[in-house]
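In: fold the stuff below for me.
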Amino acid sequence: MLFAVLLSVGPIAVLAHGLAGTGSMITGLLMALPTAALLVLARWREFTPDLCDMLFVLFCCGIALSFAANGVIAQKEAVLLALSLAAYPAARLSPRHGAISTGFVVVTAAVVTVGAIVTVVALAGQWNDNHGKPLVFGEYDAAPAQFTISLGFLVLALACTDLNWRRTAWISILSAVPTAIFAASIVRYSFVVIVVALLAAMVAARPTQRKFIAVIMCATIASIAVGAVARSSTTLKFARHAEVALTNNEAAAPAMPAPPAPQASCPAIDRDNSIIIRQQLYKDAFALLPEVGLTGLGLDGFTQRSCLKGFQVHNSVLQVIIEFGWLGGVFLILMLCHTMGKRMFSLARINREARFVLCSLVFTLMLGMAHGRISRDIALFLFLGYAAKLRSSALAIEEQAWIFGDGPIRAIPAGAVGACLNTKAAA
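Out: Sure, this is the predicted structure:
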């Protein structure tokens, strides 16, 4: 349940603000309290550091050096960064369950359900608005995308359970409604990532489970199509935006003020075209790479040097390199490669918990490539810590799978391993 709250901090904060009028303090508490609870319940005596942990510590040292060199200008983002980083040890030291908990599914499903309801209300009143994306509670156009991320975690969690035809049918039917609603709200990239993560789940799953995951994936794609067709005029409008961006056929846009960085080229930007915005942000980011050095420009330094002032680069890895320097960037990339490597894939083939964690890492990392902001990437660090925990328990997971198969943790009776060895030897 604590994991569910941490993974849905953004959507819960939107709902709390819109329904109860809460502020940013609640968002901080939603991040801090579950993390603190996990750290209090942590199994410190069982902890043995490994390479993943050392890379995480080195990454944190790179951040500290950047702060020492550049100072702490964005204090709010620095606090959010500290809370996001704390998710790694919180997950790393948490106890293993061996399967996705019912509490996680219930909490995440509740967030998705309420999110779908408030999005439908916003859609009903803004169906033909020029903005296209509905403003949930009159102000949050990014809310449907945030609700879709919670939907992604929910679908992945259910896809990594022990599936049969009946359970697959229920998952496909119940997820179809929120999927269509969020697709009608012009959520695009998040759904691409959900489909890719389901493909990863299908590859890592046992052969007998792959057909069920394929059905869930096809039902998701069909629901996305239904939502897109329901608002066909708006969908076509955003498709034209994509065509303009991808063919370099610039649309008319108001002139932008001169940026503070004289070396940056700042053409007119259509602020209704998110693809063009990201293209410009990436151009600015790559132009700044030669300047970053070992300690970078400092947290939120990119927002002051970009043509689009106040915009982050929307790519977690690029942001780390630019703002924390090559030192922090290299250690983050090494941590990602090591954590998501061959050993983790091997565990995902034999254990549902590991499969969910690997697919969620694929999901969060891909989201971070287009929507990421490192100070708010709590899900990324949570799953990096979770994966490091599973890797450190690899021998126990393999022994469990060998004797009992894929599923929840069960006590291994004395002599069971020896009996199993004798049986296999005799065979």
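In: quick one: the helices in the stretch 201-350 of the chain?
Out: Counting by DSSP state H, counting those that start in this stretch, one finds helices in the stretch 201-350 of the chain at the ranges 207-230, 232-246, 274-288, 301-305, 316-339, 342-350.
In: how is Ser172 assigned, secondary-structure-wise?
Out: Secondary structure, DSSP: H, G, I helix; E, B strand; the rest coil: Ser172 is helix.
In: and the spatially most central residue of the chain, what does it touch?
Out: Nearest residue to the geometric centre of the chain (CA atoms, centre = their mean): Thr364, 2.5 Å. Counting by CB atoms under 8 Å, 6 or more residues apart in numbering, Thr364 makes contact with Asp377, Ala379, Leu380, Phe383. C-betas here are computed from N, CA, C, even on glycine.
In: I figured the first one hits Asn315, correct?
Out: Going back to what we said before, that points to Asp377. No - applying CB atoms under 8 Å as the test, Asp377 and Asn315 come out as separate, 11.0 Å apart.
In: who touches both of the two?
Out: When CB under 8 Å, 6+ apart defines a contact, the residues bordering Asp377 and Asn315 alike are Gly368.
In: between these two, which one's more packed in?
Out: For the pair Asp377 and Asn315, the greater number of neighbours falls to Asp377 (24 against 21), based on other CB atoms under 10 Å.
In: give the full set of residues in contact with the more buried one.
Out: For Asp377, the contacting residues are Ser84, Ser316, Thr364, Gly368, by CB under 8 Å, 6+ apart.
In: now with 6 Å?
Out: For Asp377, the contacting residues are Ser84, Ser316, Gly368, by CB atoms under 6 Å, 6 or more residues apart in numbering.
In: what's the answer for Leu198, then?
Out: Contacts of Leu198 were listed using CB under 6 Å, 6+ apart, and they are Met217.
In: how about Ala228?
Out: Neighbour list for Ala228: Ala183, Thr235 [criterion: CB under 6 Å, 6+ apart].
In: and if you look at Ile374?
Out: Residues near Ile374 by CB under 6 Å, 6+ apart: Ser316, Gln319, Val320.
In: where does the chain dip in pLDDT?
Out: For the chain, applying pLDDT under 70 flags the ranges 96-99, 245, 248-265, 272, 400-427.
In: the spatially closest residue to Gly310 that is not a sequence neighbour and Val229, how far apart?
Out: Using CB to CB, 6 or more residues apart in numbering and skipping residues adjacent in sequence, the residue nearest Gly310 is Thr303, 5.5 Å away. Separation of Thr303 from Val229 (CB to CB, to the nearest Å) stands at 38 Å.
In: look at those two and report which has more neighbours.
Out: For the pair Thr303 and Val229, the greater number of neighbours falls to Thr303 (18 against 12), based on other CB under 10 Å.
In: gap between Ala124 and Phe182?
Out: Taking CB to CB as the measure, Ala124 falls 15 Å from Phe182.
In: which one of those two is surrounded by more residues?
Out: Each of Ala124 and Phe182 had its neighbours counted (other CB under 10 Å), and the higher figure belongs to Phe182 (28 against 9).
In: which strand or helix spans that one?
Out: Applying DSSP states H and E as the criterion places Phe182 in helix 165-184.
In: export that helix to PDB, keeping only CA atoms.
Out: C-alpha atoms of helix 165-184 as PDB (Å, rounded to 0.1, in the frame of the first residue of the first chain):
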ATOM      1  CA  TRP A 165      -8.700 -16.700 -19.500                       C
ATOM      2  CA  ARG A 166     -11.200 -15.500 -17.000                       C
ATOM      3  CA  ARG A 167      -8.800 -13.100 -15.100                       C
ATOM      4  CA  THR A 168      -7.500 -11.900 -18.400                       C
ATOM      5  CA  ALA A 169     -11.000 -11.000 -19.600                       C
ATOM      6  CA  TRP A 170     -11.800  -9.100 -16.400                       C
ATOM      7  CA  ILE A 171      -8.500  -7.100 -16.600                       C
ATOM      8  CA  SER A 172      -9.100  -6.300 -20.300                       C
ATOM      9  CA  ILE A 173     -12.700  -5.200 -19.700                       C
ATOM     10  CA  LEU A 174     -12.200  -3.100 -16.600                       C
ATOM     11  CA  SER A 175      -9.100  -1.400 -17.900                       C
ATOM     12  CA  ALA A 176     -10.800  -0.500 -21.200                       C
ATOM     13  CA  VAL A 177     -13.000   2.300 -19.800                       C
ATOM     14  CA  PRO A 178     -10.200   4.400 -18.200                       C
ATOM     15  CA  THR A 179      -8.000   3.700 -21.100                       C
ATOM     16  CA  ALA A 180     -10.500   5.100 -23.600                       C
ATOM     17  CA  ILE A 181     -11.200   8.100 -21.400                       C
ATOM     18  CA  PHE A 182      -7.500   9.000 -21.100                       C
ATOM     19  CA  ALA A 183      -6.900   8.400 -24.800                       C
ATOM     20  CA  ALA A 184      -9.800  10.800 -25.600                       C
END
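In: what does it contact?
Out: The list of residues contacting helix 165-184 from outside it, by CB under 6 Å, 6+ apart, reads 112, 116, 119-120, 144, 148, 151, 155, 158, 212, 215-216, 219-220, 223-224, 226-228, 230-231.
In: a markdown table please, covering the contacts of Thr364 and showing secondary structure and distance to Val192.
Out: Supplementary listing: these in a markdown table, determined by DSSP: H, G, I helix; E, B strand; the rest coil; distance: CB to CB, whole Å:
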| residue | secondary structure | distance to Val192 |
| --- | --- | --- |
| Asp377 | coil | 19 |
| Ala379 | helix | 17 |
| Leu380 | helix | 18 |
| Phe383 | helix | 19 |
